Each structure stands twice: as structure tokens, then as C-alpha cells.
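Q: what's the 3D shape of this:
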Amino acid sequence: MSPWQRDYARRAPWFLLPACALLALFVVWPILRALWWSLHAADLLAPERTRWAALGQYSDLLLDARFRRAFANTALFALMVVPVQTASALFLALWVNRPEPAWRWLRSVFFLPTVVALPALAVLWTMLYQPAQGSQMGLVNSVLQLCGLTPQAWLRDPVLALPALAVMSVWQGLGLQMMIFLAGLQSVPVETLE
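A: Predicted structure coming up:
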């Protein structure tokens, strides 16, 4: 090892120290603290009454019907979003992976929902899903009515709300996954493609 490499090896940890300190302070410490609180029965307004509960909190949680329902809804949501979003993003990445500059605008169009703020997207999709109220109706229900189908209360019906939110989530995250696939496709050497 040359003197320069030894000097570099001695100085490198000092450059990592600030990042490691921030990681410990804002990630590791809160996770450990949350784990500690999860094993205690505590009143956060009166911390002196905190007592050890061991895994009792977790057994209560597993026996709670609302938790099981929430867990099932989360798993169902993930099963609806992840495969559809991944397959669609791969298809779009393959489609826009062209060397011509004219395809760049299409990449931007697909990536745009990723950079829009979530509250703005929530308002947009609420307006799109709006059920019939007098003469006003959201675009989705207007299209359904044009096709001869009955307009739906997408976000009010417990059966339709989860799929409606899944569609919104797929649409919002599609651009980022497409760009990740596109970066991978463009890093493949030309010799391999030929």
C-alpha cells in the first residue's frame, strides 16, 4: 500500500462520521426508542406510570379485528399496485427507450405525476372520481355514463375505494419506476443488444 493510500484510509472514516452521526440520530435512535415503547404499557402524558408489558402489546394487536382488517387491506393494496405498476413501468420503459430526441417529451409526460405534490394529486383524483351530484360528475363517471354504465361513488363505496386508490397509486408511481427501468436499459452495452 502506497503512502497516499494509507493516508486516504486514515482520513476516510472522518468524512463518514457526520453522515453516520445523522443516521444514528434520526434513524437508529427513533427505531430503538419505538421498539422500547412498544414493549411497555405507557401513558405518554404520565411517563412515571410506565410499566413493562413484554410482548403483551403485540398479542393484543394480533387479536384486534381492526388491526387484522387493516393488515389485510394493506396486503391487498400492495398486491394490486406492485405487480401492475412494475409490469406497466417495464412496458413503458421498453417503449420510450429510443435514441431519437423526440421521445424525451414522452418520458417527461410519464414522469410528471411523480413530481406533482401528493395533496394536488389527491384533489385531482377526487375530482376525477366525483360521483353524480346534480349536473356535475367526475370524468371517470362521465366516461362510464357514455358507455351506458352506471356512475359509481368510487371513494364512498367500501368495495370500490381500495381499487380506486390503487389506480391512483399506480398512475402516480409509474413514472419513477419507468425511469429506473429506462436507466437500466440504457446502460446495457450496444454489443449485448446486437
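
Q: quick one, phi psi at the residue nearest to the spatial centre of the chain?
A: The centroid of the chain falls nearest to G173 when counting by CA atoms, centre = their mean (7.1 Å). Dihedral angles of G173 (phi, psi; degrees, to the nearest 10) stand at phi -100, psi 0.

Q: Check the gap between it and T86 for me.
A: Distance, G173 to T86, using CB to CB, to the nearest Å: 10 Å. Backbone N, C-alpha and C define where each C-beta goes, glycine included.

Q: pLDDT value on G134, please?
A: On pLDDT, G134 comes in at 68.

Q: That should have said M1, apologies.
A: Each residue has a pLDDT score; the one for M1 is 75.

Q: Disregarding residues adjacent in the polypeptide, which is nearest to it?
A: Closest residue in space to M1, ignoring its immediate chain neighbours: A9 at 7.7 Å, by CB to CB, 6 or more residues apart in numbering.

Q: on that earlier part again, check contacts around the residue nearest to the residue nearest to the centre of the chain when sequence neighbours are not counted.
A: Nearest residue to G173 in three dimensions, chain neighbours excluded: Q85, at 5.6 Å (CB to CB, 6+ apart). Counting by CB atoms under 8 Å, 6 or more residues apart in numbering, Q85 makes contact with S169, V170, G173, L174, Q177.

Q: any chance of the residues you listed in JSON lines, with secondary structure, distance to N141 and pLDDT too?
A: Output for the contacts of Q85, formatted as JSON lines (DSSP: H, G, I helix; E, B strand; the rest coil; distance: CB to CB, whole Å; pLDDT from 0 to 100):
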{"residue": "S169", "secondary structure": "helix", "distance to N141": "20", "pLDDT": "93"}
{"residue": "V170", "secondary structure": "helix", "distance to N141": "20", "pLDDT": "94"}
{"residue": "G173", "secondary structure": "helix", "distance to N141": "24", "pLDDT": "92"}
{"residue": "L174", "secondary structure": "helix", "distance to N141": "23", "pLDDT": "93"}
{"residue": "Q177", "secondary structure": "helix", "distance to N141": "29", "pLDDT": "95"}
